[in-house]
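# Structure for this input, please:
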Amino acid sequence: MARAKHEHEVKTFAHGTRIFIKVIEYLLPLILGGLEVGELIREHGFLELPQALEHAITNPAFSTVLWRTALVIYFLSWMLGGESDTEMQADVYLTAPHGGRLTMQDAAAILGLALGFGILCYVSSKDYRWAAVALTGFWAFNVLVWRYMVGVLKGSIHQSYVNYSRSRRYIDMEKVRVVERYIDGNWQWWRFGVGAALALAMDALVFFIDLPEGYGRGSILFFVIVVEAWIWWVRSRTKVSLNVLEDLSERYGDKLAASA
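Below is the predicted model of the structure:
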(Lines give C-alpha, C1' and ligand atoms only; values in the text may rest on other atoms or scores of the structure.)
Protein backbone atom coordinates (compact mmCIF):
# COMPACT_ATOMS: atom_id res chain seq x y z
CA MET A 1 0.00 0.00 0.00
CA ALA A 2 2.75 2.43 0.95
CA ARG A 3 4.71 1.54 -2.17
CA ALA A 4 1.70 2.15 -4.37
CA LYS A 5 1.13 5.46 -2.64
CA HIS A 6 4.73 6.52 -3.22
CA GLU A 7 4.57 5.48 -6.86
CA HIS A 8 1.44 7.53 -7.28
CA GLU A 9 3.13 10.52 -5.67
CA VAL A 10 6.18 10.16 -7.94
CA LYS A 11 3.95 9.96 -11.03
CA THR A 12 1.95 12.97 -9.87
CA PHE A 13 5.14 14.93 -9.27
CA ALA A 14 6.60 13.95 -12.61
CA HIS A 15 3.35 14.82 -14.37
CA GLY A 16 3.23 18.22 -12.69
CA THR A 17 6.87 18.85 -13.56
CA ARG A 18 6.28 18.02 -17.22
CA ILE A 19 3.27 20.34 -17.31
CA PHE A 20 5.33 23.12 -15.72
CA ILE A 21 8.11 22.67 -18.25
CA LYS A 22 5.61 22.67 -21.13
CA VAL A 23 4.01 25.85 -19.84
CA ILE A 24 7.41 27.53 -19.79
CA GLU A 25 8.21 26.14 -23.23
CA TYR A 26 5.05 27.62 -24.74
CA LEU A 27 4.92 30.83 -22.73
CA LEU A 28 8.56 31.84 -23.16
CA PRO A 29 8.22 32.76 -26.86
CA LEU A 30 5.05 34.71 -26.03
CA ILE A 31 6.80 36.55 -23.20
CA LEU A 32 9.78 37.39 -25.38
CA GLY A 33 7.48 38.53 -28.17
CA GLY A 34 5.55 40.68 -25.72
CA LEU A 35 8.77 42.27 -24.52
CA GLU A 36 9.76 43.05 -28.11
CA VAL A 37 6.37 44.67 -28.80
CA GLY A 38 6.69 46.61 -25.55
CA GLU A 39 10.06 47.89 -26.68
CA LEU A 40 8.56 49.03 -29.98
CA ILE A 41 5.81 50.87 -28.09
CA ARG A 42 8.35 52.63 -25.85
CA GLU A 43 10.45 53.67 -28.84
CA HIS A 44 7.70 54.72 -31.23
CA GLY A 45 4.57 55.15 -29.13
CA PHE A 46 1.40 53.07 -29.21
CA LEU A 47 -0.15 54.94 -32.14
CA GLU A 48 2.95 54.29 -34.25
CA LEU A 49 3.01 50.58 -33.40
CA PRO A 50 1.38 49.41 -36.71
CA GLN A 51 3.99 51.28 -38.73
CA ALA A 52 6.80 49.95 -36.54
CA LEU A 53 5.54 46.37 -36.95
CA GLU A 54 5.20 46.84 -40.69
CA HIS A 55 8.80 48.07 -40.88
CA ALA A 56 9.97 45.01 -38.91
CA ILE A 57 8.00 42.58 -41.10
CA THR A 58 9.16 44.12 -44.36
CA ASN A 59 12.79 44.19 -43.26
CA PRO A 60 14.43 41.67 -45.66
CA ALA A 61 16.80 40.17 -43.11
CA PHE A 62 14.08 39.73 -40.48
CA SER A 63 11.52 38.28 -42.90
CA THR A 64 14.09 35.81 -44.24
CA VAL A 65 14.63 34.51 -40.71
CA LEU A 66 10.84 34.24 -40.32
CA TRP A 67 10.13 31.97 -43.27
CA ARG A 68 13.17 29.77 -42.71
CA THR A 69 12.25 29.43 -39.05
CA ALA A 70 8.74 28.44 -40.18
CA LEU A 71 10.14 25.47 -42.10
CA VAL A 72 12.16 24.37 -39.08
CA ILE A 73 9.05 24.60 -36.88
CA TYR A 74 7.06 22.62 -39.46
CA PHE A 75 9.65 19.85 -39.57
CA LEU A 76 9.95 19.58 -35.79
CA SER A 77 6.17 19.63 -35.37
CA TRP A 78 5.83 16.79 -37.86
CA MET A 79 8.51 14.67 -36.22
CA LEU A 80 7.29 15.17 -32.66
CA GLY A 81 3.66 14.85 -33.68
CA GLY A 82 4.30 11.64 -35.58
CA GLU A 83 6.02 10.07 -32.59
CA SER A 84 3.23 11.22 -30.30
CA ASP A 85 0.48 9.85 -32.56
CA THR A 86 2.24 6.51 -32.94
CA GLU A 87 2.62 6.11 -29.20
CA MET A 88 -0.98 7.15 -28.59
CA GLN A 89 -2.41 4.66 -31.06
CA ALA A 90 -0.13 1.84 -29.93
CA ASP A 91 -1.64 2.15 -26.45
CA VAL A 92 -5.18 1.73 -27.79
CA TYR A 93 -5.17 -0.72 -30.70
CA LEU A 94 -5.21 -4.47 -30.07
CA THR A 95 -4.12 -5.36 -33.60
CA ALA A 96 -1.65 -3.78 -36.00
CA PRO A 97 -2.25 -3.17 -39.72
CA HIS A 98 -0.85 -5.85 -42.03
CA GLY A 99 0.08 -8.04 -39.09
CA GLY A 100 2.62 -5.50 -37.88
CA ARG A 101 4.57 -5.44 -41.16
CA LEU A 102 5.13 -2.46 -43.44
CA THR A 103 3.91 -2.96 -46.98
CA MET A 104 5.44 -1.43 -50.09
CA GLN A 105 2.61 1.13 -50.11
CA ASP A 106 3.33 2.06 -46.48
CA ALA A 107 7.02 2.49 -47.27
CA ALA A 108 6.18 4.58 -50.34
CA ALA A 109 3.97 6.91 -48.29
CA ILE A 110 6.68 7.37 -45.65
CA LEU A 111 9.39 7.89 -48.25
CA GLY A 112 7.14 10.36 -50.05
CA LEU A 113 6.84 12.45 -46.89
CA ALA A 114 10.59 12.25 -46.36
CA LEU A 115 11.15 13.36 -49.96
CA GLY A 116 8.74 16.25 -49.45
CA PHE A 117 10.68 17.46 -46.46
CA GLY A 118 13.91 16.99 -48.39
CA ILE A 119 12.58 19.28 -51.11
CA LEU A 120 11.53 21.84 -48.50
CA CYS A 121 15.01 21.75 -47.00
CA TYR A 122 16.58 22.17 -50.44
CA VAL A 123 14.45 25.12 -51.52
CA SER A 124 14.90 26.80 -48.13
CA SER A 125 18.48 27.52 -49.19
CA LYS A 126 17.30 29.00 -52.48
CA ASP A 127 14.30 31.32 -52.52
CA TYR A 128 11.17 31.82 -50.42
CA ARG A 129 8.97 31.71 -53.52
CA TRP A 130 9.94 28.13 -54.25
CA ALA A 131 9.52 27.35 -50.57
CA ALA A 132 5.90 28.53 -50.80
CA VAL A 133 5.29 26.36 -53.88
CA ALA A 134 6.93 23.34 -52.24
CA LEU A 135 4.91 23.87 -49.08
CA THR A 136 1.68 23.98 -51.08
CA GLY A 137 2.58 20.78 -52.92
CA PHE A 138 3.54 19.08 -49.68
CA TRP A 139 0.19 20.05 -48.15
CA ALA A 140 -1.68 18.48 -51.08
CA PHE A 141 0.41 15.30 -50.78
CA ASN A 142 -0.25 15.32 -47.04
CA VAL A 143 -3.99 15.01 -47.72
CA LEU A 144 -3.39 11.93 -49.90
CA VAL A 145 -1.18 10.28 -47.29
CA TRP A 146 -3.74 11.02 -44.57
CA ARG A 147 -6.53 9.32 -46.52
CA TYR A 148 -4.26 6.36 -47.22
CA MET A 149 -3.37 6.00 -43.53
CA VAL A 150 -7.05 6.22 -42.54
CA GLY A 151 -7.75 3.30 -44.86
CA VAL A 152 -4.84 1.32 -43.42
CA LEU A 153 -5.93 1.91 -39.82
CA LYS A 154 -9.64 1.19 -40.35
CA GLY A 155 -9.09 -2.53 -39.88
CA SER A 156 -7.18 -2.11 -36.62
CA ILE A 157 -9.79 0.30 -35.29
CA HIS A 158 -12.68 -2.01 -36.14
CA GLN A 159 -10.98 -5.15 -34.82
CA SER A 160 -9.97 -3.45 -31.58
CA TYR A 161 -13.49 -2.18 -31.09
CA VAL A 162 -14.96 -5.67 -31.67
CA ASN A 163 -12.49 -7.37 -29.33
CA TYR A 164 -13.07 -4.84 -26.57
CA SER A 165 -16.82 -5.27 -26.99
CA ARG A 166 -16.61 -9.06 -26.69
CA SER A 167 -14.58 -8.80 -23.48
CA ARG A 168 -16.91 -6.07 -22.16
CA ARG A 169 -14.10 -3.55 -21.82
CA TYR A 170 -16.38 -0.62 -22.47
CA ILE A 171 -14.00 2.11 -21.41
CA ASP A 172 -11.38 0.74 -23.81
CA MET A 173 -14.04 0.82 -26.51
CA GLU A 174 -14.47 4.52 -25.83
CA LYS A 175 -10.70 4.99 -26.14
CA VAL A 176 -10.90 3.54 -29.64
CA ARG A 177 -13.71 5.99 -30.46
CA VAL A 178 -11.62 8.90 -29.19
CA VAL A 179 -8.64 7.89 -31.35
CA GLU A 180 -10.87 7.32 -34.37
CA ARG A 181 -12.31 10.83 -34.02
CA TYR A 182 -8.76 12.17 -33.89
CA ILE A 183 -7.61 10.19 -36.93
CA ASP A 184 -10.68 10.59 -39.14
CA GLY A 185 -12.85 13.28 -37.58
CA ASN A 186 -14.47 16.15 -39.48
CA TRP A 187 -11.96 18.51 -37.91
CA GLN A 188 -9.32 17.00 -40.20
CA TRP A 189 -11.28 18.03 -43.29
CA TRP A 190 -11.73 21.53 -41.89
CA ARG A 191 -8.01 21.80 -41.11
CA PHE A 192 -6.95 20.62 -44.55
CA GLY A 193 -9.49 22.92 -46.19
CA VAL A 194 -8.35 25.98 -44.24
CA GLY A 195 -4.74 24.99 -44.85
CA ALA A 196 -5.38 24.79 -48.60
CA ALA A 197 -6.98 28.25 -48.58
CA LEU A 198 -4.03 29.66 -46.63
CA ALA A 199 -1.59 27.99 -49.02
CA LEU A 200 -3.30 29.54 -52.03
CA ALA A 201 -3.32 32.94 -50.33
CA MET A 202 0.37 32.46 -49.54
CA ASP A 203 1.15 31.71 -53.19
CA ALA A 204 -0.87 34.73 -54.29
CA LEU A 205 1.07 36.99 -51.92
CA VAL A 206 4.34 35.56 -53.17
CA PHE A 207 3.69 35.71 -56.93
CA PHE A 208 0.77 37.95 -57.83
CA ILE A 209 0.00 40.62 -55.21
CA ASP A 210 2.11 43.75 -55.34
CA LEU A 211 3.25 44.03 -51.72
CA PRO A 212 6.66 44.13 -50.04
CA GLU A 213 8.34 40.71 -50.01
CA GLY A 214 8.11 40.60 -46.22
CA TYR A 215 4.39 39.91 -46.41
CA GLY A 216 4.88 36.88 -48.64
CA ARG A 217 7.62 35.55 -46.41
CA GLY A 218 5.57 36.21 -43.30
CA SER A 219 2.63 34.31 -44.82
CA ILE A 220 4.75 31.15 -44.77
CA LEU A 221 5.17 31.45 -41.01
CA PHE A 222 1.47 32.27 -40.60
CA PHE A 223 0.49 29.15 -42.54
CA VAL A 224 2.71 26.91 -40.42
CA ILE A 225 1.53 28.41 -37.12
CA VAL A 226 -2.18 28.02 -37.97
CA VAL A 227 -2.13 24.46 -39.31
CA GLU A 228 0.29 23.09 -36.71
CA ALA A 229 -1.26 24.86 -33.73
CA TRP A 230 -4.61 23.43 -34.84
CA ILE A 231 -3.45 19.82 -34.87
CA TRP A 232 -1.51 20.16 -31.61
CA TRP A 233 -4.60 21.60 -29.92
CA VAL A 234 -6.73 18.63 -31.02
CA ARG A 235 -3.90 16.22 -30.22
CA SER A 236 -3.66 17.63 -26.70
CA ARG A 237 -7.41 17.35 -26.15
CA THR A 238 -7.32 13.75 -27.40
CA LYS A 239 -4.54 12.85 -24.99
CA VAL A 240 -6.41 14.44 -22.10
CA SER A 241 -9.50 12.39 -23.00
CA LEU A 242 -7.44 9.20 -23.17
CA ASN A 243 -5.80 9.94 -19.82
CA VAL A 244 -9.19 10.47 -18.20
CA LEU A 245 -10.51 7.22 -19.69
CA GLU A 246 -7.37 5.38 -18.55
CA ASP A 247 -7.92 6.63 -15.02
CA LEU A 248 -11.56 5.50 -15.14
CA SER A 249 -10.50 2.12 -16.52
CA GLU A 250 -8.06 1.56 -13.67
CA ARG A 251 -10.72 2.46 -11.13
CA TYR A 252 -13.87 0.89 -12.57
CA GLY A 253 -12.95 -1.19 -15.64
CA ASP A 254 -13.04 -4.59 -13.91
CA LYS A 255 -16.26 -3.74 -12.06
CA LEU A 256 -17.99 -2.72 -15.28
CA ALA A 257 -16.90 -5.90 -17.06
CA ALA A 258 -18.04 -8.08 -14.15
CA SER A 259 -21.43 -6.41 -13.83
CA ALA A 260 -22.24 -6.59 -17.55
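# can we go C-alpha only for contacts and neighbour counts from here?
Noted.
# Now do the contacts for K126.
By Cα atoms under 8 Å, 6 or more residues apart in numbering, the contact set of K126 is empty.
# Show the model's pLDDT score for it.
If you check K126, the pLDDT there is 70.
# Just say helix, strand or coil for it.
coil (DSSP: H, G, I helix; E, B strand; the rest coil).
# now it: how far from L120?
10 Å (Cα to Cα, to the nearest Å).
# Ok, S165 next?
Counting by Cα to Cα - S165 and L120 are separated by 45 Å.
# Kindly report the same for R181.
Counting by Cα to Cα, the gap from R181 to L120 is 30 Å.
# Next: R191.
Look at R191 and L120: by Cα to Cα, they are 21 Å apart.
# same thing with I209?
For I209 relative to L120 (Cα to Cα), the value is 23 Å.
# Please apply the same query to L111.
Using Cα to Cα, we find L111 at a distance of 14 Å from L120.
# Which residue of those two possesses the greater neighbour count?
Remark: of L111 and L120, L120 carries more neighbours, 22 against 12, as counted by other Cα atoms under 10 Å.
# Wait, the more buried one touches L135, no?
Yes. If you go by Cα atoms under 8 Å, L120 and L135 touch, sitting 6.9 Å apart.
# Can you give the domain ranges for the chain?
Domain assignment for the chain, taken from automatic domain parsing, gives 1-58, 60-259.
# Out of those, which one sits most buried?
When the domains of the chain are scored by mean count of other Cα atoms under 10 Å, the highest mean neighbour count falls to domain 60-259 (a mean of 16).
# was I right about F223 contacting A197?
No. Using Cα under 8 Å, F223 is not in contact with A197; the gap is 9.6 Å.
# what helices or strands is the top helix by length along the chain leaning on?
For the chain, the longest helix by residue count, based on DSSP state H, is helix 213-259. The elements that helix 213-259 packs onto, with contact taken as 3 or more Cα pairs under 8 Å, 6 or more residues apart in numbering; DSSP states H and E, are helix 49-58, helix 60-90, helix 170-184, helix 186-207.
# how about low-confidence regions in this structure?
For the chain, the stretches with pLDDT under 70 are 1-65, 67, 100, 102, 124-125, 252-260.
# same thing but 90
1-134, 145, 149, 152-173, 205-221, 243-260 (pLDDT under 90).
# Distance of the residue nearest to S160 when sequence neighbours are not counted relative to L80?
Leaving aside its sequence neighbours, S160 sits nearest to L94 (Cα to Cα, 6 or more residues apart in numbering; 5.1 Å). Using Cα to Cα, L94 is found at 23 Å from L80.
# so who does the closest residue to T136 other than its chain neighbours touch?
Distances taken as Cα to Cα, 6+ apart put A199 closest to T136, at 5.6 Å, once the chain neighbours are dropped. When contacts are counted by Cα under 8 Å, 6+ apart, A199 touches 132, 135-136, 223.
# from those residues, which ones fall inside helices?
Short answer: those in helices (DSSP H) are 132, 135-136, 223.
# In three-state terms, label L94 for me.
coil.
# does it really touch S156, like I thought?
Yes. Between L94 and S156 there is a contact under Cα under 8 Å: 7.2 Å.
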